[in-house]
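Visitor: sequence unavailable; structure follows:
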């Protein structure tokens with residue numbers, strides 16, 4: 001998998017992702033950096049172009065294979081001071097998960113999570129006015145709660161289990 005993100009400050013981005021990924025960039029050029037990860041398999045590049053930085057596209061995530069790996073990554077992130085939220089035993093996107101969140105220098109949200117099992121419910125705190133924000137940490141302001149029956153068929157499919165959300 002390959003992801004490319006526009007960033008406003010390449011130096012701040014490289015500093016953050018070197019901490020978050022636990023390894024240095026594999027390539028750094030003027031206005032460009034790339035990381036090649038083996039676990040998870042991902043090639044991610046960053047292009048410095050402040051005018052094209054986009055917010056609110058959703059979030060990115062890394063599913064880890066064990067609770068111990070999630071806890072290890074969480075401890076490293078805590079030590080580096082980059083954790084924005086911790087959620088243990090949460091029911092997000094109809095799955096019981098342990099997870100933590102970080103925000104990169106441009107506000108891109110990442111979750112690192114361990115999937116325990118499917119759930120028949122979604123934690124009510126994820127009922128947001130913006131149903132496209134499935135599984136994202138709530139903002140500090142209170143959001144209006146909605147019921148699934150209030151959603152239009154188009155918006156109800158946003159967090160469908162087959163949609164790739166979480």
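Guide: Nice, I can see it. Note that the structure is predicted; figures quoted are calculated from it, not measured. Numbers count the residues shown, from 1 in each chain.

Visitor: least confident secondary structure element in the protein?
Guide: Across the helices and strands of the chain, mean confidence by mean pLDDT, DSSP states H and E is lowest for helix 153-156: a mean of 36.

Visitor: hmm, residue 1 is touching residue 60, no?
Guide: No - using Cβ atoms under 8 Å, residue 1 and residue 60 do not qualify as a contacting pair, with a distance of 10.6 Å. C-beta here means a position set from N, CA and C on the backbone, and glycine is covered the same way.

Visitor: neighbour count winner among the two?
Guide: More crowded of residue 1 and residue 60, by other Cβ atoms under 10 Å: residue 60, with 14 against 8.

Visitor: which residues pair with the closest residue in space to residue 123 that isn't next to it in sequence across the strands?
Guide: Leaving aside its chain neighbours, residue 123 sits nearest to residue 91 (4.5 Å; criterion: Cβ to Cβ, 6 or more residues apart in numbering). On the basis of DSSP bridges, residue 91 is bridged to residue 96.

Visitor: distance of residue 91 from residue 119?
Guide: According to Cβ to Cβ, to the nearest Å, residue 91 stands 5 Å off from residue 119.
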